[in-house]
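Participant: Sequence and predicted model, in that order:
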Amino acid sequence: MRILHCIPTLSGGGAERQLALLGPRHVALGHDVHVALLRGGTYLDAIKRGGVTVHMLPSRSAHDPRMSLAIAGLIRRLQPDIVQTWLVMMDVWGGLAASVRRVPWILSERNCVYAYPPSLKNSVRHFLGRHATAVVANSQFGIELWRTGVNGQLRAVISNAINFDEVDTTEPIAGVPPGVRLIVYVGRLSAEKNLETILPAVVPILAERKDVYFAICGAGPLEPMVRATIAKSGVADRILMPGFVPDVGRWLRRADVLIFLSWYEGNPNAVVEALAHGTPVVLSDIAAHRELVDAQTGILVDAASAADAANAVRAVLDDPAAARERAERARRSLEGRSLAVIADQYIDVYRTVLGESSP
């Protein structure tokens with residue numbers, strides 16, 4: 001089948017990462033996969049190497065309504081069997097174009113209700129999305145946003161895919177001396193990720209323990225605040241900020257613990273990948289994280305308590321054997337989320353939409 005994905009960019013976000021995994025896998029299964037986007041990004045070369053055809057849309061803002069006309073023109077030329085949209089403004093313009101061209105439209109829901117404060121674009125997205133042919137969410141909390149869709153709308157939960165085939169390298173990481181303990185945060189530097197709790201939790205640990213380093217892997221609007229806080233911490237020489245790292249697995253495999261205290265999430269890629277790599281985790285006690293771990297597979301703490309988070313990280317560092325046992329149980333629990341399994345689940349949804357089979 002011919003599949004057209006619409007996404008703003010292929011930068012380093014979670015949705016972009018999932019598309020970069022799924023597109024080449026579907027090509028390998030014999031499907032004709034296309035991606036329409038405004039700009040390239042981290043995953044552009046990888047998706048091209050995987051045989052996906054890339055279409056760069058006219059260089060306009062994602063908020064430009066003429067974008068819908070550009071996508072409609074591409075749909076007319078390609079005649080895809082399925083259009084799948086990713087992220088808010090592509091859900092709006094791509095979904096509108098697919099509806100006008102009468103092509104089955106799959107909306108990708110990557111988040112939960114807290115990610116959508118009242119705004120015109122969110123209201124328009126939700127109005128249009130109620131009429132999508134299908135909604136695929138990566139968590140149960142995401143699919144609950146669409147309980148009031150039109151009759152006959154297919155709704156499915158498909159977890160984020162994990163590429164267990166990625167190379168497992170133990171190559172040293174620049175700036176991380178051999179033998180030190182490493183705490184890692186992976187994610188966007190933005191308000192919902194709760195860095196205002198993470199930093200006060202980690203800095204005292206570094207002050208106490210001279211053999212512990214902290215790496216903040218990511219970029220985003222709060223970077224100036226984070227750098228200013230680090231500069232005043234007294235332990236800046238042991239806090240690394242490598243920015244966005246394409247091979248985050250390399251950092252996770254080296255880490256002794258991932259700290260991730262988001263206020264809300266859908267199905268967080270950083271956490272899923274940490275668990276897949278056997279990395280112990282300290283997570284905020286929110287619904288999305290409870291879908292992934294319990295007391296036997298990770299440590300959940302109050303998102304607002306730096307003290308609780310710090311004590312949890314100390315517990316991991318003080319008893320690495322117990323932490324690794326929890327991590328190994330978590331890793332085994334994810335074996336049903338392999339890229340091959342998840343890619344097939346998407347194809348099942350497409351075929352159901354096209355009347356070929358049922359998932």
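Facilitator: All right, it came through fine.
Participant: only C-alpha atoms for contact and neighbour calcs from this point on.
Facilitator: Will do.
Participant: For residue 188, which residues are in contact?
Facilitator: 13, 218, 219, 220 (C-alpha atoms under 8 Å, 6 or more residues apart in numbering).
Participant: Give me the neighbour count for the residue lying closest to residue 57 once chain neighbours are set aside.
Facilitator: With C-alpha to C-alpha, 6 or more residues apart in numbering as the criterion, residue 57 has its nearest non-adjacent residue at 5.2 Å, and that residue is residue 38. The tally of other residues near residue 38 (other C-alpha atoms under 10 Å) stands at 19.
Participant: I'd say residue 38 and residue 58 touch.
Facilitator: Yes. If you go by C-alpha atoms under 8 Å, residue 38 and residue 58 touch, sitting 6.9 Å apart.
Participant: Looking at the contacts of residue 188, which is nearest residue 332?
Facilitator: Distance ranking of these against residue 332, using C-alpha to C-alpha, places residue 13 first at 25.2 Å.
Participant: So the closest one versus residue 272, what's the distance?
Facilitator: If you measure residue 13 against residue 272 using C-alpha to C-alpha, to the nearest Å, the figure is 14 Å.
Participant: neighbour count winner among those two?
Facilitator: It is residue 272, of residue 13 and residue 272, that has more neighbours when counted by other C-alpha under 10 Å, with 23 against 17.
Participant: ok, that one - contacts?
Facilitator: Residues counted as contacts of residue 272 (C-alpha under 8 Å, 6+ apart) are 160, 162, 292.
Participant: in what helix or strand does the last one lie?
Facilitator: Under the criterion of DSSP states H and E, residue 292 resides outside all helices and strands.
Participant: For it, grab the count of nearby residues.
Facilitator: Using other C-alpha under 10 Å as the criterion, residue 292 is surrounded by 17 other residues.
Participant: phi, psi of it?
Facilitator: The phi and psi torsions at residue 292 (degrees, to the nearest 10) take the values phi -100, psi -40.
Participant: Please apply the same query to residue 304.
Facilitator: For residue 304, the backbone dihedrals (degrees, to the nearest 10) come out as phi -90, psi 0.
Participant: So what does the residue nearest to it when sequence neighbours are not counted look like in phi/psi?
Facilitator: Take residue 304 and drop its neighbours on the chain: the residue closest to it by C-alpha to C-alpha, 6+ apart is residue 197, 6.4 Å away. In this entry, residue 197 is assigned phi and psi values of phi -100, psi -40 (degrees, to the nearest 10).
Participant: Most neighbours among the contacts of residue 188, which one?
Facilitator: Neighbours were tallied for each of the contacts of residue 188 (criterion: other C-alpha under 10 Å), and the maximum of 21 neighbours falls on residue 218.
Participant: Show the pLDDT at that residue.
Facilitator: In this model, residue 218 is scored at 93, pLDDT.
Participant: Could I get the contacting residues of the residue lying closest to it once chain neighbours are set aside?
Facilitator: With sequence-adjacent residues excluded and distances taken as C-alpha to C-alpha, 6+ apart, residue 218 is closest to residue 244, at 4.2 Å. Taking C-alpha under 8 Å, 6+ apart, we find residue 244 in contact with 12, 217, 218, 219.
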